[in-house]
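*Asks:* Just the structure for this:
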Amino acid sequence: MFFRISGQPAGGYFALFVLLATLAGCVSATSSVTIDIENRNEVVGTWKGSFQPNTYPRVGSPIKLTLKPDGKYEYFIYANTYKGTYRIENGKLHLKPTASDKETIITYYDSDSAANQKVLKWSSQRGDFTLSREK
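*Replies:* This next block holds a predicted model:
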């Protein structure tokens with residue numbers, strides 16, 4: 001037995017609500033397209049964003065990455081500053097800290113959101129990083 005509201009089965013309203021909510025989610029969802037970085041000038045500047053740790057609690061931390069035209073960078077997270085060099089290889093941004101031989105490989109994305117904003121993203125064992133160009 002269905003409940004009726006104004007002569008219509010309540011199940012029909014629920015199905016309509018689910019359909020509209022699903023469509024609204026599809027329209028508002030943002031997806032990103034990977035972009036190959038052609039040259040340094042595409043990414044030079046200051047990028048700000050957040051770090052989302054993999055561990056609980058997943059409290060984000062603000063981060064700031066400055067890519068200089070001379071191939072050097074400065075990276076700020078928590079109260080720490082890291083410096084090093086960067087290069088472009090195979091369309092990706094490679095960061096190499098001064099105090100380490102490990103490189104971080106960063107992917108460049110073009111978001112198709114209404115803001116049409118480009119972002120830098122990478123993941124580590126500790127969590128995920130997402131940055132957008134500072135305005």
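
*Asks:* Every contact and neighbour count from this point should use C-alpha atoms.
*Replies:* OK.

*Asks:* Tell me which helix or strand comes right after the least confident helix or strand in the chain by mean pLDDT.
*Replies:* With mean pLDDT, DSSP states H and E as the measure, the helix or strand of the chain carrying the lowest mean pLDDT is helix 10-28 (a mean of 39). Following helix 10-28 in sequence order, the next helix or strand is strand 32-35 (DSSP states H and E).

*Asks:* Does anything pack onto that next one? Which helices or strands?
*Replies:* Under the contact criterion of 3 or more C-alpha pairs under 8 Å, 6 or more residues apart in numbering; DSSP states H and E, strand 32-35 touches strand 104-111.

*Asks:* Please identify the buried residues of the strand it packs on?
*Replies:* 105, 106, 107, 108, 109, 111 (16 or more other C-alpha atoms under 10 Å).

*Asks:* Okay, now the sheet partners of it, with direction.
*Replies:* For strand 104-111, the paired strands and their directions (DSSP bridges) are strand 32-35 (antiparallel), strand 92-97 (antiparallel), strand 118-123 (antiparallel).

*Asks:* Tell me which of those strands is the most buried.
*Replies:* strand 92-97 (a mean of 20; mean count of other C-alpha atoms under 10 Å).

*Asks:* What mean pLDDT does it get?
*Replies:* The average pLDDT for strand 92-97 rounds to 93.

*Asks:* got a list of contacts for it?
*Replies:* With C-alpha atoms under 8 Å, 6 or more residues apart in numbering as the test, strand 92-97 has contacts from 36-37, 82-88, 102-108.

*Asks:* Quick check: bridge partners of residue 95?
*Replies:* Bridge pairing for residue 95 (DSSP bridges) gives the partners residue 86, residue 104.

*Asks:* May I have the beta-bridge partners of the closest residue to residue 65 other than its chain neighbours?
*Replies:* Excluding its sequence neighbours, the residue lying closest to residue 65 (C-alpha to C-alpha, 6 or more residues apart in numbering) is residue 75, at 4.5 Å. Beta-bridge partners for residue 75, by DSSP bridges, are residue 65, residue 82.
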